[in-house]
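S.K.: Got a predicted structure here, sequence first:
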There are 2 protein chains.
Amino acid sequence: MVTKIALVEDNPSLQRRFLLNFSFFEEIEVLFCSPSGEQFLSEIEERNDNGHDLPSVVLMDIELPGITGIDATLALKESHPDIEVMMITVFEDEERIMDSLRSGASGYLLKDEPPEVIVSSVAELIAGGAPMTAKIARKIIAGIQSPEKNRDKPSSKPGFDLSERELEIIKLLVNGKSYTQTAEILIISPHTVKTHIKNVYKKMHVHSKASLVKIAIKKGII
Amino acid sequence: MVTKIALVEDNPSLQRRFLLNFSFFEEIEVLFCSPSGEQFLSEIEERNDNGHDLPSVVLMDIELPGITGIDATLALKESHPDIEVMMITVFEDEERIMDSLRSGASGYLLKDEPPEVIVSSVAELIAGGAPMTAKIARKIIAGIQSPEKNRDKPSSKPGFDLSERELEIIKLLVNGKSYTQTAEILIISPHTVKTHIKNVYKKMHVHSKASLVKIAIKKGII
DNA sequence: TATTCAATACCCCAAACGGGGTAAACTAAG
DNA sequence: CTTAGTTTACCCCGTTTGGGGTATTGAATA
């Protein structure tokens, strides 16, 4: 069975290296490769709308121009919870590992893993596993056992490149306020609130308040 | 300054004891006393709609007929985050204490506290404090330091006396589905989905999907 | 048996929401 | 000085949601 995957990687040479490596494995088909989280999410939306193939697995870099791979994962999982995400990155700090898993990634590998390991990890992921090295597994256990690092920050920072005003409006909406009520509280026109929300939806790649609330809570914008 | 409070207590003799005790303190005015969480929430909604006085502080029992005081607190905080809640109960298990605090209660006293302590705790609560006995404070620290008891159950059980079908529909809505999509997935009419949601809203005392999503996540109906 | 409850489905209607525009005023950065 | 970004505000449109009903069926229970 051929597994369709997508890459999110901004470094062109690494991108080429991945594509070359995967070309030797016929069980893997790379559908597309995006250089940023935003472009990746747009590509997914477009394919979804046009009825084109979607990947079963996404190999996601963390450090990217624009939104992080962690936020991109959060947004992807909101609209496509069935697509599996494996982080492939140079970072191995507890913080980013835990944030990735909380965002919905199921695997976590380092960039220097040999191609065979990455390919077999993709298979493991589809089989329902959670591929990662022993070293990373140990850090995850540590992360779970240190509650101070879990509390008060469900994920990382605000993220998604939102402006102050946008965050302010999100907080009110998440707390159950309508556009009209939010407008009254901030003493601006309801049209303005709507404009802000439209921009927020574009930035976060969501299409409803329910999804906004879910992601906002996960990211701790409570 | 007179502080307006409300009581939620089903035991009639305890109810009378509280009312009698508070009558000796002119800084406390008991607006009303409800024998169940549902009746309390309805009373709050009615007063809010009619422009009548709302309490600044609610003394909440946990064990109640119908929904628990913890769920009543969760629902109250969703619509009125400024109303302070102090649990007054016979329970002192870590589980219920933590659940109460997660639901939004700021104080936690035992029913055998002398009236002066309760009255001064109300003042402390309004001043921004978190009144509780040393014994309970110690249990809270323990609760925070035991992550196994935090994970996978943000609060207690489903709660709110929801039926299986209602829970099923809530899960879909919280995951971003519209009424129509939910109806298609469950192979029922969108009218039926709406009927269920109307019933859920009544049970949970919310009036929007955003609030539903928030409470559902807090209670782990994810 | 009678009654209650869960689940189903429809009616009506007004308000809220989501997405597509355009555009002005102001600030900050190049 | 020009460009980019933020905040403000309006237009259009169709869809979704929330709240008020009523009503039938089947299962469980008093």
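M.R.: Thanks, I have it. Numbers count the residues shown, from 1 in each chain, chains lettered A, B, ... in the order given.
S.K.: Can you pull up the residues of chain A that come close to DNA strand D?
M.R.: A:161, A:163-166, A:186, A:188-192, A:194-196, A:199, A:208 (CB under 7 Å from any atom of the strand). C-beta: built from backbone N, CA, C; applies to glycine.
S.K.: Filter those down to just the buried residues.
M.R.: A:166, A:186, A:196, A:208 (16 or more other CB atoms under 10 Å in any protein chain shown).
S.K.: Look at the residue lying closest to the last one once chain neighbours are set aside and give its secondary structure.
M.R.: Right, A:Ser208. Spatially, and ignoring its direct neighbours in sequence, A:Ser208 is nearest to B:Gly176 (5.9 Å; CB to CB, 6 or more residues apart in numbering or on different chains). The three-state assignment at B:Gly176 reads coil, by DSSP: H, G, I helix; E, B strand; the rest coil.
S.K.: How about residues contacting stretch A:203-213?
M.R.: A:38, A:41-42, A:45, A:67, A:75, A:78-79, A:160-162, A:166, A:170, A:173-174, A:200-201, A:215, B:173-174, B:176, B:178, B:208-210, B:213-214, B:217 (CB atoms under 8 Å, 6 or more residues apart in numbering or on different chains).
S.K.: Look at it and report the distance between its end residues.
M.R.: From its first residue to its last, stretch A:203-213 covers 14 Å (CA to CA, to the nearest Å).
S.K.: average model confidence for the helix or strand containing A:Val30?
M.R.: Using DSSP states H and E, A:Val30 sits in strand A:28-34. Mean pLDDT, computed over strand A:28-34, is 93.
S.K.: Who are the packing partners of the next helix or strand after that strand?
M.R.: Once the chain leaves strand A:28-34, the next helix or strand it forms, by DSSP H and E, is helix A:37-50. If you count contacts as 3 or more CB pairs under 8 Å, 6 or more residues apart in numbering or on different chains; DSSP states H and E, helix A:37-50 packs onto strand A:3-8, strand A:28-34, helix A:69-79.
S.K.: which residue is nearest the centroid of chain A?
M.R.: Centroid check for chain A by CA atoms, centre = their mean gives A:Thr73 as the closest residue, at 1.3 Å.
S.K.: Looking at the residues of chain A next to DNA strand D, spot the one nearest B:Gly107.
M.R.: Using CB to CB, A:Leu186 comes nearest to B:Gly107 of these, at 31.6 Å.
S.K.: Now the closest one. Its backbone dihedrals?
M.R.: When read as degrees, to the nearest 10, the backbone of A:Leu186 gives phi -90, psi 0.
S.K.: Name the helix or strand for A:Leu173, please.
M.R.: Applying DSSP H and E, one finds A:Leu173 within helix A:164-174.
S.K.: and that helix, how far from the chain's centre?
M.R.: On the basis of CA atoms, centre = their mean, to the nearest Å, helix A:164-174 sits 21 Å off its chain's mean C-alpha point.
S.K.: Identify the residues contacting that helix?
M.R.: For helix A:164-174, the external contacting residues (CB under 8 Å, 6+ apart) are A:158, A:162, A:179, A:181-182, A:185-186, A:193, A:196-197, A:199-200, A:203, A:209, A:212-213, A:216-217, A:221-222, B:210, B:214.
S.K.: now that helix: mean pLDDT?
M.R.: What helix A:164-174 shows for mean pLDDT is 93.
S.K.: The residue nearest to A:Ser208 is in contact with A:Ser79, isn't it?
M.R.: Yes: between B:Gly176 and A:Ser79 there is a contact under CB atoms under 8 Å: 7.1 Å.
S.K.: Please identify which of these two sits among more neighbours.
M.R.: The residue with more neighbours, out of B:Gly176 and A:Ser79, is B:Gly176; 21 against 17, by other CB atoms under 10 Å in any protein chain shown.
S.K.: quick one: contacts for the more buried one?
M.R.: A:78-79, A:206-208, A:210-211, A:214.
S.K.: top of these by neighbour count?
M.R.: In terms of neighbours by other CB under 10 Å, those top out with A:Lys214 at 25 neighbours.
S.K.: Could you give the number of residues near the closest residue to A:Phe40 other than its chain neighbours?
M.R.: Distances taken as CB to CB, 6+ apart put A:Ser34 closest to A:Phe40, at 3.7 Å, once the chain neighbours are dropped. If you count neighbours by other CB under 10 Å, A:Ser34 ends up with 23.
S.K.: Which members of the contacts of helix A:164-174 are positioned in helices?
M.R.: A:179, A:181-182, A:185-186, A:193, A:196-197, A:199-200, A:203, A:209, A:212-213, A:216-217, B:210, B:214 (DSSP state H).
S.K.: Chain B versus A:Lys198, what's the distance?
M.R.: 17 Å (CB to the nearest CB, to the nearest Å).
S.K.: gap between that residue and A:Val90?
M.R.: 36 Å (CB to CB, to the nearest Å).
S.K.: Show me which of the residues of chain A next to DNA strand D is closest to DNA strand C.
M.R.: Lowest distance from DNA strand C to those (CB to the nearest atom of the strand) belongs to A:Ser208, with 3.7 Å.
S.K.: Quick one, grab the pLDDT at the closest one.
M.R.: According to the model, A:Ser208 scores 94 on pLDDT.
S.K.: ditto for A:Leu64
M.R.: The model reports A:Leu64 with a pLDDT of 88.
S.K.: Which positions in the helix holding A:Leu173 come out as buried?
M.R.: For helix A:164-174, a neighbour-count test (16+ other CB under 10 Å) marks A:166, A:169-170, A:172-174 as buried.
S.K.: Any chance of these in JSON lines with distance to A:Val57 as columns?
M.R.: Converted to JSON lines, these look like this (distance: CB to CB, whole Å):
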{"residue": "A:Glu166", "distance to A:Val57": "32"}
{"residue": "A:Ile169", "distance to A:Val57": "35"}
{"residue": "A:Ile170", "distance to A:Val57": "31"}
{"residue": "A:Leu172", "distance to A:Val57": "37"}
{"residue": "A:Leu173", "distance to A:Val57": "33"}
{"residue": "A:Val174", "distance to A:Val57": "31"}
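S.K.: nearest to DNA strand D, of the residues you listed?
M.R.: A:Glu166 (5.2 Å).
S.K.: mind checking how far the closest one is from A:His196?
M.R.: Note on A:Glu166: its distance to A:His196, by CB to CB, is 6 Å.
S.K.: and if you look at A:Pro115?
M.R.: Taking CB to CB, one finds A:Pro115 at 45 Å from A:His196.
S.K.: okay, now the domains of chain A?
M.R.: Listed by automatic domain parsing, the domain ranges of chain A are A:3-149, A:164-218.
S.K.: Go through the ones you listed and find the least confident stretch.
M.R.: Averaging pLDDT over each of these puts domain A:3-149 lowest, since it has a mean of 84.
S.K.: quick revisit: now, among the buried residues of helix A:164-174, which is nearest to DNA strand C?
M.R.: Distances from DNA strand C to the buried residues of helix A:164-174, taken by CB to the nearest atom of the strand, are shortest for A:Leu173, at 7.1 Å.
S.K.: Good, wrapping up.
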